[in-house]
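Colleague: got a sequence here, can you build the structure:
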Amino acid sequence: MKYSNAVTKILAMALCAISLTACTTPSQVYWDHKVKELCEKDGGVTVFEKVELTKSEKAKLRIAPSKATSISSDYYLEFNDEVINDDPKVRKSVGYLYRNSDQKLIAKQMYYSRVGGDLVPIDNPSSYNCDMAGVSTNIEKAVFIIKGE
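Modeller: Okay, the predicted model is just below:
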């Protein structure tokens, strides 16, 4: 009988720990709502020039993560991040996609996100962002289209 009582206590403690990590805090609710509002207001991708590619060109497409690393890439992204709130971490990220050959701005990506704010700190904190709010921030999909599709 003592064994089953100990097992019951361990299971109860485990369930409590799981439920605490699954709880949404008021701060998360507030910031998720704010992130959703910001995403709906000006999040997503603004395309200044669509780029048509063949399937083979699309397969070879490389977008460098910065101008400094773009030597062998046709396009590169530059990002500016701004922290809106520290706990939970709420960030505004603006990405600019440039064509390397003429430095022309092809598209702009506006992205908002919340990370953390969990009741119990965990290794992989919860998050919320524009894509989760239904606002696509996939710049590659918005800009590059396959000829004939």
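
Colleague: any idea how far residue 102 lies from residue 129?
Modeller: To residue 129, residue 102 is 32 Å away according to Cβ to Cβ, to the nearest Å. Any C-beta I mention is one placed from the backbone N, CA and C, and that applies to glycine too.

Colleague: in the sheet, who's paired with residue 110?
Modeller: residue 44, residue 94 (DSSP bridges).

Colleague: burial count for it?
Modeller: Neighbour count of residue 110, defined by other Cβ atoms under 10 Å: 19.

Colleague: and what of residue 123?
Modeller: For residue 123, using other Cβ under 10 Å, the count is 4.

Colleague: the one 5 residues further on too?
Modeller: When neighbours are defined as other Cβ under 10 Å, residue 128 has 23 of them.

Colleague: repeat for residue 138
Modeller: Residues lying near residue 138 (other Cβ under 10 Å) number 11.

Colleague: please name the residues that touch it.
Modeller: Residues near residue 138 by Cβ atoms under 8 Å, 6 or more residues apart in numbering: 45, 131.

Colleague: again with residue 61
Modeller: Contacts of residue 61 (Cβ under 8 Å, 6+ apart): 53, 74-75, 140, 144.

Colleague: which pair of those residues spans the longest distance?
Modeller: Largest separation among the contacts of residue 61 by Cβ to Cβ: 74 and 140, giving 12.2 Å.

Colleague: identify the contacts common to the two.
Modeller: Common neighbours of residue 74 and residue 140 (criterion: Cβ under 8 Å, 6+ apart): 61, 63.

Colleague: the helices in this protein, which residues?
Modeller: Using DSSP state H, the helices of the chain run over 2-22, 26-42, 55-60, 139-143.

Colleague: how about residues contacting the second one?
Modeller: By Cβ under 8 Å, 6+ apart, the list of residues contacting helix 26-42 from outside reads 85, 87-88, 90, 92, 110, 112-114, 117-118, 126, 128-130, 133, 135.

Colleague: can you tell me how far the nearest residue to residue 127 once chain neighbours are set aside sits from residue 67?
Modeller: Nearest residue to residue 127 in three dimensions, chain neighbours excluded: residue 115, at 4.7 Å (Cβ to Cβ, 6 or more residues apart in numbering). Taking Cβ to Cβ as the measure, residue 115 falls 27 Å from residue 67.

Colleague: ok, the spatially most central residue of the chain to residue 137 distance?
Modeller: Central residue of the chain (Cα atoms, centre = their mean): residue 129, 5.5 Å from the mean position. According to Cβ to Cβ, residue 129 stands 8 Å off from residue 137.
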